[in-house]
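In: Would you be able to build a 3D model of this:
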Amino acid sequence: MGHLDHATFGWLTPVLSYAMACIGAALGLRCTVRALGSTGRSRRNWLLTAASALGTGIWTMHFVAMLGFGVSGTAIRYDVPLTILSLLVAVVVVSAGVFAVGYSRDRNRALLLGGLTTGLGVASMHYIGMAAVRLHGAVRYDPTLVGLSVLIAVAAATAALWAALNIRSPVAVTVASLVMGAAVSSMHYTGMFAVSVHVTPSGSPLPGATAMQFIFPLAVGLGSYLFLTSAFVALSPTAGEREASASAQRPVMGAAR
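Out: Modelled structure (predicted):
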């Protein structure tokens with residue numbers, strides 16, 4: 001039985017992964033708030049931004065945490081296509097949930113269906129990402145902890161969509177994003193504690209890429225996307241600010257005539 005270490009770099013990866021989850025949640029909530037105050041193409045674009053922020057934030061949280069994952073007695077590699085698939089799954093299923101909430105007339109039904117779909121999608125992202133792990137040995141899972149991680153994912157997704165519908169103030173969004181970051185991190189580590197590895201020592205090379213060759217550059221790229229998008233959202237005027245600006249210009253234009 002190989003000894004599993006979930007923090008080979010100490011507190012660096014857990015703290016950084018939590019920060020990524022919080023940033024993705026905060027950005028997704030702010031974009032959804034903007035979307036619900038918009039119409040037409042603007043609503044669609046804000047919802048797309050919200051979904052990409054939430055999806056990439058959750059995925060980045062998972063794989064930044066995985067940078068600190070190690071198993072004694074074996075090296076670890078990652079299957080590149082499966083890892084990319086896990087990212088696509090995260091973005092697609094979060095998009096389904098966000099658009100269901102953004103366009104549905106029955107918000108309660110959309111919240112329940114969207115939360116269930118998104119939560120199952122997030123859990124799928126996690127376990128597809130784990131399926132991408134290559135090591136010398138066999139990976140096993142505790143079914144009880146796996147089930148608990150899925151329940152946490154569904155609860156976290158439902159809470160995120162509820163917050164998107166009901167929270168407006170920046171302070172409330174900040175608090176909600178901190179709670180969501182904790183929920184996503186809890187789901188990840190619950191799933192990781194379900195893992196056990198029976199190591200089979202071998203000198204043969206493992207297929208796939210190392211975390212630093214593939215996961216780290218991709219996580220840095222997605223993290224940069226989150227930061228740049230956060231700056232864009234922060235600098236973009238809200239619907240209320242645009243209306244106020246338009247109202248302020250009308251008297252000036254009228255006086256000029």
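
In: Give me the buried positions along stretch 118-129.
Out: Thr118, Gly119, Gly121, Val122, Ala123, Ser124, Met125, His126, Tyr127, Ile128, Gly129 (16 or more other CB atoms under 10 Å). Quick note: C-beta positions are derived from backbone N, CA and C, even for glycine.

In: any idea which of the residues you listed is closest to Ala159?
Out: Using CB to CB, Gly119 comes nearest to Ala159 of these, at 9.7 Å.

In: For the stretch 101-250 of the chain, just list every one of the strands.
Out: With DSSP state E, counting those that start in this stretch as the definition, the stretch 101-250 of the chain shows strands at residue ranges 133-135, 137-141, 195-199.

In: Can you tell me how far the nearest residue to Leu145 once chain neighbours are set aside is from Met187?
Out: Excluding the flanking residues, the one nearest Leu145 by CB to CB, 6 or more residues apart in numbering is Ala194, at 3.4 Å. Distance of Ala194 to Met187, given as CB to CB, to the nearest Å: 11 Å.

In: and if you look at Ala157?
Out: Ala157 is 9 Å from Met187, by CB to CB.

In: and the closest residue to Leu111 other than its chain neighbours, what does it touch?
Out: Counting by CB to CB, 6+ apart, Leu111 lies nearest to Leu161, which is 5.4 Å off, once chain neighbours are set aside. For Leu161, the contact set (CB atoms under 8 Å, 6 or more residues apart in numbering) comprises Gly97, Val98, Val101, Ala110, Leu111, Gly114, Gly115, Thr118.

In: wait, which of those is closest to Thr210?
Out: For these, the nearest to Thr210 is Thr118 (30.7 Å; CB to CB).

In: From what I see, that closest one and Ser95 are in contact.
Out: No - counting by CB atoms under 8 Å, Thr118 does not reach Ser95; the two are 9.1 Å apart.

In: Now Leu4: phi and psi?
Out: The phi/psi pair for Leu4 (degrees, to the nearest 10) reads phi -100, psi 130.

In: What is the neighbour count of it?
Out: 14 (other CB atoms under 10 Å).

In: How much space separates it from Met180?
Out: 26 Å.

In: next one: Ala131
Out: 25 Å.

In: More neighbours: these two, which one.
Out: Neighbour count, other CB under 10 Å: between Ala131 and Met180, Met180 has more, with 25 against 14.

In: measure the nearest residue to the more buried one once chain neighbours are set aside to Val80 for me?
Out: Nearest non-adjacent residue to Met180, counting by CB to CB, 6+ apart: Ala25, 3.8 Å away. Going from Ala25 to Val80 by CB to CB gives 27 Å.

In: Compare those two and say which is more crowded by neighbours.
Out: Shown here are Ala25 and Val80; by other CB under 10 Å, Ala25 has more neighbours (31 against 16).

In: buried ones in the longest helix along the chain?
Out: For the chain, the helix reaching the highest residue count under DSSP state H is reported as helix 40-66. Neighbour counts over helix 40-66 (16+ other CB under 10 Å) mark 43, 46-66 as buried.

In: Ok, stretch 69-85 next?
Out: Applying 16+ other CB under 10 Å to stretch 69-85 flags Phe69, Gly70, Val71, Thr74, Ile76, Arg77, Tyr78, Asp79, Val80, Leu82, Thr83, Leu85 as buried.

In: Can you tell me which of these end up in helices?
Out: Among these, the members found in helices (DSSP H) are Val80, Leu82, Thr83, Leu85.

In: Same list, those residues, but as JSON lines with pLDDT please.
Out: Shown next, in JSON lines, are those (pLDDT from 0 to 100):
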{"residue": "Val80", "pLDDT": "91"}
{"residue": "Leu82", "pLDDT": "92"}
{"residue": "Thr83", "pLDDT": "91"}
{"residue": "Leu85", "pLDDT": "94"}
